[in-house]
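1. Predicted model and sequence below, questions to follow.
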Amino acid sequence: MSLIDTNRNFMKSNFDNHQNQAASDQMKGLAAPSLQKAPKQDAQIINLPNEAVPGPKDVNLYHALNSRRSIRKFSDVTMSLAELAYLLETTCRIQKVIGDNIASFRPAPSGGARHAFETYLVINNVDGLENGTYHYLPLYHQLEKLTQTVEMAQIIESVNGQSFVESAHVIFYFSAVPYRAEWRYGLRSHKVMLIDLGHLGQNLYLAAEGIRAGACAIASYDQEKADALFKLDGIDEFIVYIIPVGKKL
């Protein structure tokens, strides 16, 4: 079988194929993994505002859907902390936990409500936040500060030289924590996670429209350099999607 054939078969459903499907850890009765990566004990934690940003109820969904475009040029107007909080709240905040980490409800859908992703941020121009790297804590709607500064050259290298990210106000780096989904679906989980990633990206695109901002999803990135930005091991957690967001010109 060629690599093309292998990749095409990966795209197909395998939920009707019961051959060579080992029992998942959930079926074995093992405890579910955490729905959120714990912050470091000595981490600086920043509470995000809960109030809605100006006008989210006035955003016309039809307009948002039809005006959404990937944009690579951003204004130099500073993004507010409330606007960043709005992007995070409408994309990946945990709204409700079901059982003992069995599932979580969030704005974007996920197979089995497992949400096998973590959200990391490179802050570049957000009022009230120092530039640097952060980790979002969706259970508490908080940010964990990771580094004081980060060289923009490193960021550009992590996206294979796509220098337009330099003008983005915030760059979202989504990582996969595969076991979070593997616990429930085993070998069936990996395609599901990629489908879920699309849901997450579209939510962010539409949320950006709500604050007069734009986004540009990136799939071309340097895996090792992107993982290194957030000290990920590349095995149990690794970057899978990058989306710069900025206020429109």
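-> Done, it's in.
2. helices or strands next to the lowest-mean-pLDDT helix or strand in the chain in the packing?
-> Every helix and strand in the chain was compared by mean pLDDT, DSSP states H and E; the lowest is helix 61-67, with a mean of 88. Counting contacts by 3 or more C-beta pairs under 8 Å, 6 or more residues apart in numbering; DSSP states H and E, helix 61-67 is packed against helix 189-210. The way it works is simple: take the backbone N, C-alpha and C, and place the C-beta from them, glycine included.
3. For the following helix or strand past the helix it packs on, which outside residues touch it?
-> As assigned by DSSP states H and E, the chain's next helix or strand after helix 189-210 is strand 213-215. With contact meaning C-beta atoms under 8 Å, 6 or more residues apart in numbering, strand 213-215 is reached by 69-71, 74, 79, 83, 87, 169, 204-205, 208, 243-248.
4. Inside helices: which ones of those residues?
-> Using DSSP state H, the members of those that fall in helices are 83, 87, 204-205, 208.
5. Next, the buried residues of the top strand by length along the chain.
-> Longest strand of the chain, by residue count under DSSP state E: strand 238-247. For strand 238-247, burial by neighbour count (16 or more other C-beta atoms under 10 Å) applies to 238-247.
6. For burial, what's the neighbour tally of the nearest residue to Glu83 once chain neighbours are set aside?
-> Excluding the flanking residues, the one nearest Glu83 by C-beta to C-beta, 6 or more residues apart in numbering is Ile211, at 4.6 Å. Neighbours of Ile211 under the rule other C-beta atoms under 10 Å: 23.
7. Next: Lys73.
-> Residues near Lys73, counting by other C-beta under 10 Å: 12.
8. what's the span of stretch 138-157 from first residue to last?
-> Taking C-alpha to C-alpha, to the nearest Å as the measure, stretch 138-157 stretches 28 Å from start to finish.
9. Tell me where the chain has helices.
-> Counting by DSSP H, the chain has helices at residues 3-11, 61-67, 81-89, 152-158, 179-185, 189-210, 223-229.
10. what about the closest residue to Ala43 other than its chain neighbours, distance to Gln44?
-> Leaving aside its sequence neighbours, Ala43 sits nearest to Glu144 (C-beta to C-beta, 6+ apart; 4.7 Å). According to C-beta to C-beta, to the nearest Å, Glu144 and Gln44 sit 7 Å apart.
11. Comparing these two, which residue is more hemmed in?
-> Glu144 (19 against 13).
12. Next, the contact list for the more buried one, please.
-> 39-40, 43-46, 134-137.
13. what does Asn124 give?
-> Asn124 sits next to 131, 152, 166, 168-171 when contact means C-beta under 8 Å, 6+ apart.
14. same thing with Asp127?
-> For Asp127, the contact set (C-beta under 8 Å, 6+ apart) comprises 78-81.
15. and of the residues you listed, the nearest to Glu157?
-> For the contacts of Asp127, the residue nearest Glu157 by C-beta to C-beta is Met79; the value is 23.8 Å.
16. Does the closest one have any beta-bridge partners, and if so which?
-> On the basis of DSSP bridges, Met79 is bridged to Val126.
17. can you count the residues close to it?
-> 25.
18. Taking the centroid of the chain, which residue is nearest it?
-> Per C-alpha atoms, centre = their mean, the C-alpha nearest to the average position across the chain is that of Phe174, at 3.5 Å.
19. Against Ile46, how distant is that residue?
-> Distance of Phe174 to Ile46, given as C-beta to C-beta: 20 Å.
20. For Gln36, which non-adjacent residue is spatially closest?
-> Closest to Gln36 by C-beta to C-beta, 6+ apart is Leu139, at 4.8 Å.
21. I misspoke; the intended subject was Asn125.
-> Leaving aside its sequence neighbours, Asn125 sits nearest to His169 (C-beta to C-beta, 6+ apart; 4.4 Å).
22. my guess is that neighbour meets Ser80, correct?
-> No - at 9.8 Å, His169 does not count as touching Ser80 under the criterion of C-beta atoms under 8 Å.
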